[in-house]
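Peer 1: structure for this input, please:
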Amino acid sequence: NWWWVVHLWVEGVWELILGALLAFVLIKVTGVDREVIEKWLYVIITLTLVTGIIGTGHHYYWIGAPEYWQWWGSVFSALEPIPFFAMTVFAFNMVNRRRREHPNKAAVLWALGTGVMAFLGAGVWGFLHTLAPVNYYTHGSQITA
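Peer 2: Reported below is the predicted structural model:
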């Protein structure tokens, strides 16, 4: 069903791809051990999947599911900024622990900026209209765009 594909992509998968790309860049530009970066990535992946999959429930009201799903989904969807924040902390932490100064300053800035902008854009902006009382008025509107 296309609905599940779209919503599970938005609620979780693209953040996993972002985390993996960020981890790859940080390994290359900081010289921090891969094991350290992977541990952070596992925490981010776990937080993303738990909050994202259950957080998709804030859409269930609109497909006829029981009303409690909107609240369950809203609560877990409201927790979705946590993995984005963890990704931001992760990027800054790895850059501060770096073992070498990489000549590609743009890649380092991209790594830091990606975490910050994902947290602000998807995390904070998503949080602002994910709670059920707000979502009731914003769902299906162009407010996100």
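Peer 1: this protein: helices as residue ranges?
Peer 2: 2-8, 14-30, 34-55, 68-78, 81-96, 105-118, 125-128, 132-138 (DSSP state H).
Peer 1: pick the most buried one from these.
Peer 2: helix 81-96 (a mean of 20; mean count of other CB atoms under 10 Å). For the C-beta atoms, the positions are set from N, CA and C on the backbone; glycine is no exception.
Peer 1: that one vs helix 34-55, what angle?
Peer 2: Using axes from the mean of the first three to the mean of the last three CA atoms, to 10 degrees, one finds that helix 81-96 and helix 34-55 are set 170 degrees apart in direction.
Peer 1: please list all residues in contact with R100.
Peer 2: With contact set as CB atoms under 8 Å, 6 or more residues apart in numbering, R100 has these partners: T30, G31.
Peer 1: mind showing which ranges of the chain have poor pLDDT?
Peer 2: 1, 131-132, 144-145 (pLDDT under 70).
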